[in-house]
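K.L.:
Structure for this input, please:
(one chain, ligands or ions: 2)
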Amino acid sequence: MTTEACLYEGKAKRIYETSDKNVYRVAYKDDATAFNGEKKDVLEGKGRLNNEISSLIFSKLHEAGVPNHFVERLSETEQLVKKVDIIPIEVVVRNVAAGSLVKRLGLKRGERFQDPIIEFYYKDDELGDPLINTDHIAYLKIATEEELLTIREIATRVNRVLTFLFKEADLILVDFKLEFGRDEANDVLLADEVSPDTCRLWDEQTGESLDKDLFRFQLGDLNKGYETILTRLGGNQS
Ligand code: TMP
Ligand code: ASP
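P.N.:
Numbers count the residues shown, from 1 in each chain. Ligands and ions are numbered 1, 2, ... in the order given. Model (predicted):
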């Protein structure tokens, strides 16, 4: 399988073709980046942790009936996924005030929202992934009105399932980013990854960050935080 062409290399993953034209192989890298690639490092073992956590979460989402691209975990660092065309929107769901929203709206970090706040960002590195609204999405023809409704509905369901899953693991799901794609039948599926690279997760008792904020803001050992998350979710240990 390793001889098949690499179709795309992103900051944290490589995507390869497989012998099945509708299936891709995703290989998680050890690279860590933040602030649109301005901060970079290689953290040995990070690829494995994200693959294990992401595989586990996608499986749980399948069990809960949330349509997603995951097919199966292939190895410690690889998974098979359904081929989709990624819709260039980053969908952020927030339960607790943190990160860029604290700055943008002058909120107090840690403030809990009664209802989740959903935001859309235009996935475009050159523009720095700007915050956009539904009018921008319609004008740029990024997604149809119907697709956006589906995206909001899936994002809300993911939030419900994951908030519960993480709560069982004594973790608070503060916020997370999702990406969606269109499959062969043009149906919208959850895609990309769901991992501590793309979620904020705080320890319920201590409030400490166990996610990529450890790397972004030099708060501590990233792999240690990710290992804690994997262990608490009952995933494959090293
Ligand atoms: P933010 O508070 O920096 O806007 O981030 C919100 C959530 O989205 C947080 O869980 C981290 C995640 N995220 C990504 O996965 N990729 C990104 O490029 C950014 C900016 C945030
Ligand atoms: N994912 C983005 C980057 O790699 C930003 C971030 O997650 O903070 O630069």
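K.L.:
what about the residue lying closest to D203 once chain neighbours are set aside, how many residues close to it?
P.N.:
Using Cβ to Cβ, 6 or more residues apart in numbering and skipping the chain neighbours, the partner closest in space to D203 is L210 (6.1 Å). Bear in mind the C-beta positions are built from the backbone N, C-alpha and C, glycine included. A count of nearby residues for L210, using other Cβ atoms under 10 Å, gives 25.
K.L.:
list the contacts for L210?
P.N.:
Neighbouring residues of L210 by Cβ atoms under 8 Å, 6 or more residues apart in numbering: 171, 196, 201-203, 225-226, 228-229.
K.L.:
likewise H62?
P.N.:
By Cβ under 8 Å, 6+ apart, the residues touching H62 are 68, 70.
K.L.:
same deal with N95?
P.N.:
Counting by Cβ under 8 Å, 6+ apart, N95 has contacts 112-113, 116, 159, 163, 172-175.
K.L.:
what's the closest of these to ligand 2?
P.N.:
Lowest distance from ligand 2 to the contacts of N95 (Cβ to the nearest ligand atom) belongs to D175, with 11.7 Å.
K.L.:
Helix or strand: which one has that closest one?
P.N.:
Following DSSP states H and E, one finds D175 within strand 171-182.
K.L.:
Does that strand reach ligand 1?
P.N.:
Yes: judged by Cβ under 6 Å from any ligand atom, strand 171-182 and ligand 1 are in contact via 175-177.
K.L.:
Please see if stretch 37-57 touches ligand 2.
P.N.:
Yes: residues of stretch 37-57 contacting ligand 2 under Cβ under 6 Å from any ligand atom: G37.
K.L.:
From E146, how far off is the spatially most central residue of the chain?
P.N.:
The structure's the chain has its C-alpha centroid closest to V194; by Cα atoms, centre = their mean the separation is 3.3 Å. As judged by Cβ to Cβ, to the nearest Å, V194 and E146 stand 24 Å apart.
K.L.:
Contact partners for R200?
P.N.:
Neighbouring residues of R200 by Cβ under 8 Å, 6+ apart: 96, 98-99, 173-176, 209, 211, 213.
K.L.:
Between those, which sits nearest F70?
P.N.:
Within those, distances to F70 taken as Cβ to Cβ reach their minimum at F176, with 16.0 Å.
K.L.:
residues in this structure within reach of ligand 1, list them.
P.N.:
92, 99-101, 129, 175-177, 198-200.
K.L.:
Just the buried ones from the residues you listed, in PyMOL syntax?
P.N.:
Applying 16 or more other Cβ atoms under 10 Å to these, the buried members can be selected in PyMOL as follows:
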select buried, resi 92+99+101+129+175+176+177+198+199+200
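K.L.:
Good, wrapping up.
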